[in-house]
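Novice: Mind looking at a prediction? Sequence and model below.
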Amino acid sequence: MRVSIAEHPAPLGELTLAIQMLQRRDPHPAFAPWRHRMARTFAVEGSPLAQLVSPLGAGPMFLDPPSPTMDEGVDRVMSASRLDVRAELERVCAIDRPRTPWVRGLADRDKEAWKVLEGALRTAYRATLAEAWPRLRASFHAETAWRARILARDGLRATLTGLSPSIRWRDMTLEIDFPREVDITLTGQGISLQPSLLWAGPPLIARYGDGPLILIYPALTPLPLLTSGAAADPLSGLLGATRARALRVLTFDRTTSELAKELSVTVAAASLQTKTLRAAGLVVSQREGKAVRHRCTHLGLDLLASG
């Protein structure tokens, strides 16, 4: 019963999934053109990481902690225990990753090998995700808000089976099609649902320490389809770019001041945007002391999901 929905995307998690997708060769309608655009950049910036991350969806757990920022995530990677690093490198090498001299250097905690790893993570993120991160984050919040509504309306069974066509129930067992056979027994920590905009394969699983099992599933709209500009964004064309951004931000409660900061506009301008969205039935506002909090209505969430 302890099923929750992730509160934020994880930069390193999305980066490792991007590396997995870049190595795949299936003719995915959204990711195939994206791979073509990113191929040269990845060959230069991400080649060391390809020694660790498999196109099958496997990678060392210490490489992609669920941290909300890139800096925090890299700090956690660099402070991973030697025991965990060795165990995870053994696991991924047993699946399909090569035991290269650099990988052996990571296992031995060689300073130069770890310096290369930190540099590769930062440069690969800048090359593949940094510019698109605001769009990715906004779409992530729209996705999780929509899933939360399904959970409240239709229940847990429908929520889980609706994450992917490869998920089904067999009695009290949740079955997922996967390249390798894995049996997992939950031991009370629960499950956290984590959408990814950089993954189009079967749902993946991850567990960090004694936290909940993380079930990673493909978001409805992958990153390659989130183009910038009102001309390529039906929602921006309908509402205007700033109001469309405001609606995406308001999938979570925000005060007028918080919204202004997210949009990089004045408080007065943010108030005007919420007034227009409220008049259209897309946002509801509630005063709390001196502050006013705003949030998407069901109609607003439906509009985001369809856009």
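Specialist: That came in fine, so what should we check first? For clarity, every value in this text was computed on a predicted model and none was experimentally measured.
Novice: just checking, residue 77 touches residue 63?
Specialist: Yes - assessed by C-beta atoms under 8 Å, residue 77 is found in contact with residue 63 at 6.2 Å. In this view, the C-beta of every residue, glycine as well, is placed from N, C-alpha and C.
Novice: where do the strands sit along the stretch 101-250 of the chain?
Specialist: Using DSSP state E, counting those that start in this stretch, the strands of the stretch 101-250 of the chain run over 167-170, 173-176, 191-196, 204-207, 213-218.
Novice: Sketch out the low-pLDDT regions of this protein for me.
Specialist: The model of the chain has pLDDT under 70 over residues 227-234, 236-238, 306-307.
Novice: longest single helix anywhere in it?
Specialist: helix 133-154 (DSSP state H).
Novice: Mind listing what's buried along that one?
Specialist: Buried residues in helix 133-154, counted by 16 or more other C-beta atoms under 10 Å: 133, 135-149, 151.
Novice: the inter-axis angle of it versus strand 191-196?
Specialist: 140 degrees (axes from the mean of the first three to the mean of the last three C-alpha atoms, to 10 degrees).
Novice: In PDB, list the C-alpha atoms belonging to helix 133-154.
Specialist: Output of helix 133-154 as PDB, limited to C-alpha atoms (Å, rounded to 0.1, in the frame of the first residue of the first chain):
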ATOM      1  CA  TRP A 133      16.200  20.600 -18.400                       C
ATOM      2  CA  PRO A 134      13.500  23.300 -17.800                       C
ATOM      3  CA  ARG A 135      11.300  21.700 -20.400                       C
ATOM      4  CA  LEU A 136      12.000  18.200 -19.000                       C
ATOM      5  CA  ARG A 137      11.200  19.300 -15.400                       C
ATOM      6  CA  ALA A 138       7.900  21.000 -16.400                       C
ATOM      7  CA  SER A 139       6.800  18.000 -18.400                       C
ATOM      8  CA  PHE A 140       7.800  15.700 -15.500                       C
ATOM      9  CA  HIS A 141       5.600  17.600 -13.100                       C
ATOM     10  CA  ALA A 142       2.600  17.500 -15.500                       C
ATOM     11  CA  GLU A 143       3.100  13.800 -15.900                       C
ATOM     12  CA  THR A 144       3.200  13.100 -12.100                       C
ATOM     13  CA  ALA A 145       0.200  15.300 -11.500                       C
ATOM     14  CA  TRP A 146      -1.700  13.400 -14.100                       C
ATOM     15  CA  ARG A 147      -0.700  10.000 -12.600                       C
ATOM     16  CA  ALA A 148      -1.700  11.300  -9.100                       C
ATOM     17  CA  ARG A 149      -5.100  12.100 -10.500                       C
ATOM     18  CA  ILE A 150      -5.500   8.600 -11.900                       C
ATOM     19  CA  LEU A 151      -4.400   7.100  -8.600                       C
ATOM     20  CA  ALA A 152      -7.100   9.100  -6.800                       C
ATOM     21  CA  ARG A 153      -9.800   8.400  -9.300                       C
ATOM     22  CA  ASP A 154      -9.200   4.800 -10.500                       C
END
